[in-house]
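[1] mind looking at a prediction? Sequence and model below.
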2 protein chains.
Amino acid sequence: MSKASSGSTQADQSAPPSGQQRTWTIGELSRMFEVTPRTIRFYEQEGLLAPMREGQRRIYHPQDRVRLKLTLRGKRLGFSLAEIREVIMMYDAMPDGNARQLRRLLEILAQRREELERQLEDIHLMRMEIDNVDQRAREALRQLGEDG
Amino acid sequence: MSKASSGSTQADQSAPPSGQQRTWTIGELSRMFEVTPRTIRFYEQEGLLAPMREGQRRIYHPQDRVRLKLTLRGKRLGFSLAEIREVIMMYDAMPDGNARQLRRLLEILAQRREELERQLEDIHLMRMEIDNVDQRAREALRQLGEDG
DNA sequence: CAAGCACTTTACGTTAACGTCAACCTCGTC
DNA sequence: GACGAGGTTGACGTTAACGTAAAGTGCTTG
C-alpha cells in the first residue's frame, strides 16, 4: 500500500554523512523485522546472510536486508531454511553459473511455483471453511440470546 | 468441485457388505494421503484425531478422514498442530459451546484469516521474484550458446 | 501350525530452528 | 575509570514433529 519512493534524496531513516549507502546494525534490523538478533546470526551461520564487518561488528547493507526479507517471507510460506538458501545461493551464482546450475535453478523454481499453487488452493479452501465455521459460530451466538 | 453425493448406494471405493458408512484402516489412510501410519497415530496422540476401535485396531470414518485432510492442509499452510487442534476442537464443541467459547473461536478465525491474507500477499510477491529469476536464468542459458 | 502381514504399544532417537546463558569486547559519557 | 548499552563468540537447552526399533497381537493362508 505505502509505496515508499526510493528515488528522492530524502533521508530514508538516518543517512550516513556522505552519500554512501545506508547500513544497519543487527539490533536495528532485528527490530525492523521483529526477530531476535540470535535469529539473524543463526541465518548467517546457515549461509543465508553474509554481512560485512566493521572490526568485529556486523554491518548490514541494503542487499543483506533484502535477503533477510526474502528469507522471512519464505519462512512464512513454510519453506525450510535449507530450501531458501538453495535458491538464494543459486541466484547469487547466476552471473557465472554454468548451464547445469542454471537448469537446476529452473527446476527448483518450477517446484517452488507448484508448491505455491498448491498453497493458493489450500488458502482458498481454508478460507471457505473458516467462513463456514464463522457463520455457524455467529448464529450460535445469536441463538444464545440477543444480549451481550 | 466434485460434490460427492452421499445419498447414493454407489460403492465409493469398496463398500462393507451392508449399506453402512465406508471406513478405513490406518494403512489405507496413510497411503491415501501419503503420510506414514506413525504420523497418523501421532496426530491422534496430539488430540487431532479420535478414531473408533475395533478391538485394538483403529478404524477411521469419513469424519476422521476429513479431519486428517484439514490437518494436512493446515500443515501445508504452515500452521502448527497445536493451532490446528485448537480450531478443530472448538469447532467440535460448537453445538453446546458457551458464548465465551464462541467469541474466542471467532477471534481465532479472524486471526487465521489475517495470516492467510498475509500468505496470499507473500505468494504473489514470491511468484514475481521467481518469475524474475526464472527470466534471468533462461537468458543466461541462451547466452551460454545455442547448443544443448 | 508356522509364516506372513497388518496392526498395536512403548520408548528412545533425530532434526530444524532457534532460546538462553556466560563471558568477553568496545564504545560514549558521567 | 566505572558503567551501561549494544555488540561478539561459544556452548548447551528446548520444542515440534515426527522416525525408528523392539516386542507383542490377531487373522488367514499354504
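    It's in.

[2] what is the neighbour count of the closest residue to A:Leu116 other than its chain neighbours?
    Distances taken as Cβ to Cβ, 6 or more residues apart in numbering or on different chains put B:Ile123 closest to A:Leu116, at 5.2 Å, once the chain neighbours are dropped. Every C-beta, even on glycine, is put in place using the N, C-alpha and C of the backbone. Other residues near B:Ile123 come to 19 when the count uses other Cβ atoms under 10 Å in any protein chain shown.

[3] and for A:Glu54?
    By other Cβ under 10 Å, neighbour count at A:Glu54 equals 10.

[4] with the one 4 residues further on instead?
    A count of neighbours around A:Arg58, defined by other Cβ under 10 Å, yields 20.

[5] OK, contacts around it?
    Each residue near A:Arg58 by Cβ atoms under 8 Å, 6 or more residues apart in numbering or on different chains is listed here: A:25-26, A:44, A:51-52.

[6] as a whole number, average confidence for the strand or helix carrying A:Met128?
    Secondary structure from DSSP states H and E places A:Met128 in helix A:99-143. For helix A:99-143, mean pLDDT is 85.

[7] that one vs DNA strand C: in contact?
    No. Figure legend: helix A:99-143 not in contact with DNA strand C (Cβ under 7 Å from any atom of the strand); closest approach 14.5 Å.

[8] from the contact counts, what lies against that helix?
    Judged by 3 or more Cβ pairs under 8 Å, 6 or more residues apart in numbering or on different chains; DSSP states H and E, the packing partners of helix A:99-143 are helix A:81-92, helix B:62-76, helix B:99-143.

[9] can you list the ones you listed in TSV and add distance to B:Ala93?
    Output for the helices and strands packed on helix A:99-143, formatted as TSV (distance: least, Cβ to Cβ, whole Å):
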stretch	distance to B:Ala93
helix A:81-92	37
helix B:62-76	14
helix B:99-143	6
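
[10] that older thread, ok now the helix holding A:Met128, how far from the chain's centre?
    17 Å (Cα atoms, centre = their mean, to the nearest Å).

[11] between that helix and helix B:99-143, how big is the angle?
    Orientation of helix A:99-143 against helix B:99-143 (axes from the mean of the first three to the mean of the last three Cα atoms, to 10 degrees) gives an angle of 160 degrees.

[12] between helix A:99-143 and helix B:62-76, how big is the angle?
    If you take the same axes, to 10 degrees, helix A:99-143 sits at 130 degrees to helix B:62-76.

[13] center of chain A - which residue?
    Nearest to the mean C-alpha position of chain A, by Cα atoms, centre = their mean, lies A:Arg73 at 2.6 Å.

[14] residues from chain A in reach of DNA strand D?
    Near DNA strand D, the residues belonging to chain A are A:25-28, A:30, A:37, A:41, A:56-58 when assessed by Cβ under 7 Å from any atom of the strand.

[15] narrow the residues you listed to just the buried residues.
    A:26, A:30, A:58 (16 or more other Cβ atoms under 10 Å in any protein chain shown).

[16] need these in CSV (columns: pLDDT).
    Shown next, in CSV, are those (pLDDT from 0 to 100):
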residue, pLDDT
A:Ile26, 98
A:Ser30, 97
A:Arg58, 97
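
[17] from those, pick the one nearest B:Glu129.
    A:Ser30 (23.3 Å; Cβ to Cβ).

[18] who are the contact partners of the residue of chain A found nearest chain B?
    Closest approach between chain A and chain B, counting by Cβ to the nearest Cβ: A:Gly78, at 4.0 Å. By Cβ under 8 Å, 6+ apart, A:Gly78 lies in contact with A:119, B:76-78.
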